[in-house]
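J.: how does the following fold in three dimensions:
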Amino acid sequence: MESYALLFGSTLSAGTVLALAALGLLINEKAGIINLGAEGMMLCAAIAGFAAVVHTGNTWVGFGAGMAAGAMLAGLFGLLVIWLNTNQQATGLALTLFGAGFSAFAGLNYVQAKLPELPKYAIPGLADIPLLGPALFRHHPLVYIVVLLAIAMIWFLYRSRAGLVLRAVGESPESAHALGYNVRGIRLAAVMFGGAMCGLAGAFISVVYTPLWVEGMVAGRGWIALALTTFATWRPARVLLGAYLFGGVTMLQFHLQASGVQLASQLLSMLPYLATIVVLVLISRNPAWIRANMPASLGKPFYPGS
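T.: I've put the predicted structure just below:
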């Protein structure tokens, strides 16, 4: 039973990475912008956050550095696709390639670097409960904050005027522009928020989840986060649930290996990506359902003069 409690606890940590990135990307896409550069932003943020903690010893400074790196790259992406109307998919892919190369170069001096000893987090009284303690109450504060963030995002999108404006920009930017809203400014803000969240996810990986720097350590999580937004039909609560589902699949491979299951390690490593493909195929069987939930202007350029 203890091994299952540890599996559940590690699932929460793995799911937190995906949830942070996917919630940010959801805001991008609610505004009508699809950013395929999540992987590159997370990689750059991972090295930025790791380097900041190495030099300052403060994890929250590392998170701030990661968010700043992600927001800056997202801002560059936003300027290209929102003001210059470059192709969103091609620009996002270019950002991913840039992030992979730049992070590898910037991280050359940090491959052997070690972080200072990080504090151990536990909720007093609850952390000592058998089974439940290791599973639920011994996590980094971000594991709990991401749940509050999802709840806040639900309120923002469906209960606030600002959320209504954001959704209107994603559904019909021409109508929002006609009503006097700054469509480009709103989209840029949404894109930079998404970049900051991807940056926070990247920094969480290198500072907390696996506290080290290795080239390419994001390992496709940016792509899974992108798939999660479609899987969740652009709803924050479903993003959170989907993140924990994919996080559980990711950690299951290590649990099976530790349990002595006789399967090739390469096959087990495929599990999270195979699960992503299977889920997307199942969802895509009903295109009308996807169209009913997808922001109408997603991926389309906006021309204020039209």
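J.: got the buried residues for the helix or strand hosting residue 203?
T.: Counting by DSSP states H and E, the element that carries residue 203 is helix 183-204. Judged by neighbour count using 16 or more other Cβ atoms under 10 Å, the buried positions of helix 183-204 are 183-184, 186-204. From N, CA and C alone the C-beta is placed, and that goes for glycine too.
J.: got it, and stretch 263-271?
T.: Buried-residue list, stretch 263-271, by 16+ other Cβ under 10 Å: 268, 271.
J.: end to end, how far does that stretch reach?
T.: Taking Cα to Cα, to the nearest Å, stretch 263-271 runs 12 Å from one end to the other.
J.: quick one: the helices in the stretch 101-250 of the chain?
T.: Ranges of helices in the stretch 101-250 of the chain, per DSSP state H, counting those that start in this stretch, are 132-136, 141-159, 161-171, 173-178, 183-204, 221-231, 236-258.
J.: what comes into contact with the first one?
T.: The reference is to helix 132-136. 2, 5, 6, 8, 9, 12, 122, 126, 127 (Cβ atoms under 8 Å, 6 or more residues apart in numbering).
J.: ok now the helix or strand encompassing the second one, how far from the chain's centre?
T.: To tie it back to what came earlier, the one meant is residue 5. According to DSSP H and E, residue 5 maps onto helix 2-30. Distance, stretch centre to chain centre, for helix 2-30: 8 Å (Cα atoms, centre = their mean, to the nearest Å).
J.: check stretch 108-121 too.
T.: Computed by Cα atoms, centre = their mean, the separation of stretch 108-121 from the middle of its chain amounts to 22 Å.
J.: repeat for stretch 206-219
T.: Computed by Cα atoms, centre = their mean, the chain-centroid distance of stretch 206-219 equals 14 Å.
J.: likewise stretch 25-34?
T.: When distances are taken as Cα atoms, centre = their mean, stretch 25-34 is centred 13 Å away from the chain's centroid.
J.: what about that stretch, start to end distance?
T.: 8 Å.
J.: could you do stretch 22-39 as well?
T.: Taking Cα to Cα, stretch 22-39 runs 11 Å from one end to the other.
J.: and stretch 19-39, by the same measure?
T.: Chord length of stretch 19-39, first to last residue, is 14 Å (Cα to Cα).
J.: please apply the same query to stretch 226-246.
T.: First residue to last in stretch 226-246 (Cα to Cα) measures 12 Å.
J.: verify the stated contact: residue 212 with residue 206.
T.: Yes: because the distance of 7.0 Å satisfies Cβ atoms under 8 Å, residue 212 is recorded as touching residue 206.
J.: neighbour count winner among these two?
T.: Relative neighbour count places residue 206 above the other of residue 212 and residue 206, with 30 against 15, counting by other Cβ atoms under 10 Å.
J.: separation between that one and residue 22?
T.: Applying Cβ to Cβ, to the nearest Å, the value for residue 206 to residue 22 is 19 Å.
J.: where does the stretch 201-306 of the chain have low pLDDT?
T.: Within the stretch 201-306 of the chain, the ranges that satisfy pLDDT under 70 run 258, 260-261, 265, 289, 292, 305-306.
J.: rerun at 90
T.: 219, 227, 230-233, 242, 245-306 (pLDDT under 90).
J.: same check, this time on the stretch 1-150 of the chain
T.: Regions of the stretch 1-150 of the chain meeting the criterion pLDDT under 90 cover residues 1-10, 112, 116-138.
J.: please report phi then psi for residue 216.
T.: As for residue 216, its main-chain torsions (degrees, to the nearest 10) stand at phi 70, psi 20.
J.: let me see the contact set for it.
T.: Residues counted as contacts of residue 216 (Cβ under 8 Å, 6+ apart) are 43, 100, 104.
J.: follow-up on the earlier one: which strands or helices does the helix holding residue 203 pack on?
T.: helix 2-30, helix 38-56, helix 59-78, helix 161-171, helix 173-178, helix 221-231 (3 or more Cβ pairs under 8 Å, 6 or more residues apart in numbering; DSSP states H and E).
J.: with adjacent residues omitted, what lies nearest to residue 177?
T.: In this structure, residue 177 finds its nearest non-sequential neighbour in residue 183, 4.9 Å apart by Cβ to Cβ, 6 or more residues apart in numbering.
J.: how close does the one you found get to residue 248?
T.: Remark: distance between residue 183 and residue 248 (Cβ to Cβ) = 39 Å.
J.: same thing with residue 138?
T.: For residue 138, the distance to residue 248 equals 18 Å [Cβ to Cβ].
J.: kindly report the same for residue 282.
T.: Distance, residue 282 to residue 248, by Cβ to Cβ: 18 Å.
J.: pick out whichever of the two has more residues nearby.
T.: Applying other Cβ under 10 Å to residue 282 and residue 248 shows that residue 248 carries more neighbours, namely 19 against 10.
J.: got the contact list for the closest residue to that one other than its chain neighbours?
T.: Distances taken as Cβ to Cβ, 6+ apart put residue 11 closest to residue 248, at 4.3 Å, once the chain neighbours are dropped. For residue 11, the contact set (Cβ under 8 Å, 6+ apart) comprises 244, 247, 248, 251.
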